[in-house]
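Engineer: Coordinates only, no sequence provided:
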């Protein structure tokens, strides 16, 4: 999995845990719904850390809690 795919997977995981739709997450975070859907889809190639921080704030979690999963630990360095 790429970093972008792992971020999208984590967002969906958090939505499922809280039984909320991505649209509801966007409203909670003060982010345009198209931003969330572009991260979850193919439009966004690399979500900005500031956007992930807004998502974390809306979910009342830290960046550490967001990124502190085995999936992120297992990512290999992406070479561009």
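Structural biologist: Nice, I can see it. What you see is a predicted model; the values in this text were computed from it and never measured.

Engineer: surely residue 18 meets residue 59?
Structural biologist: Yes: at 7.2 Å, residue 18 and residue 59 qualify as touching, with contact defined as C-beta atoms under 8 Å. Quick note: C-beta positions are derived from backbone N, CA and C, even for glycine.

Engineer: buried residues in the longest helix belonging to the chain?
Structural biologist: If you go by DSSP state H, the chain has its longest helix at helix 3-17. Residues of helix 3-17 classed as buried by neighbour count (16 or more other C-beta atoms under 10 Å): 6-8, 10-11, 14-15.

Engineer: What's the first helix or strand after that helix?
Structural biologist: Note on helix 3-17: by DSSP states H and E, the next helix or strand toward the C-terminus is helix 22-29.

Engineer: next helix or strand past that following helix?
Structural biologist: Following helix 22-29 toward the C-terminus (DSSP H and E): helix 33-40.

Engineer: continuing past that following helix, what's the next helix or strand?
Structural biologist: Using DSSP H and E, the helix or strand that directly follows helix 33-40 along the chain is helix 49-59.

Engineer: what comes up buried for the following helix or strand past that next one?
Structural biologist: Per DSSP H and E, the first helix or strand lying C-terminal to helix 49-59 is helix 63-67. Residues of helix 63-67 classed as buried by neighbour count (16+ other C-beta under 10 Å): 66-67.

Engineer: quick one: contacts of the very next helix or strand once past helix 63-67?
Structural biologist: Using DSSP H and E, the helix or strand that follows helix 63-67 towards the C-terminus is helix 70-73. The contact list for helix 70-73 (C-beta atoms under 8 Å, 6 or more residues apart in numbering) reads 1, 6, 9-10.

Engineer: mean confidence score for helix 70-73?
Structural biologist: The average pLDDT within helix 70-73 is 90.

Engineer: residues in contact with residue 75?
Structural biologist: 1, 3, 6.

Engineer: can you put these in a markdown table and add distance to residue 38 and pLDDT?
Structural biologist: Shown next, in a markdown table, are those (distance: C-beta to C-beta, whole Å; pLDDT from 0 to 100):
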| residue | distance to residue 38 | pLDDT |
| --- | --- | --- |
| 1 | 18 | 83 |
| 3 | 15 | 90 |
| 6 | 16 | 94 |
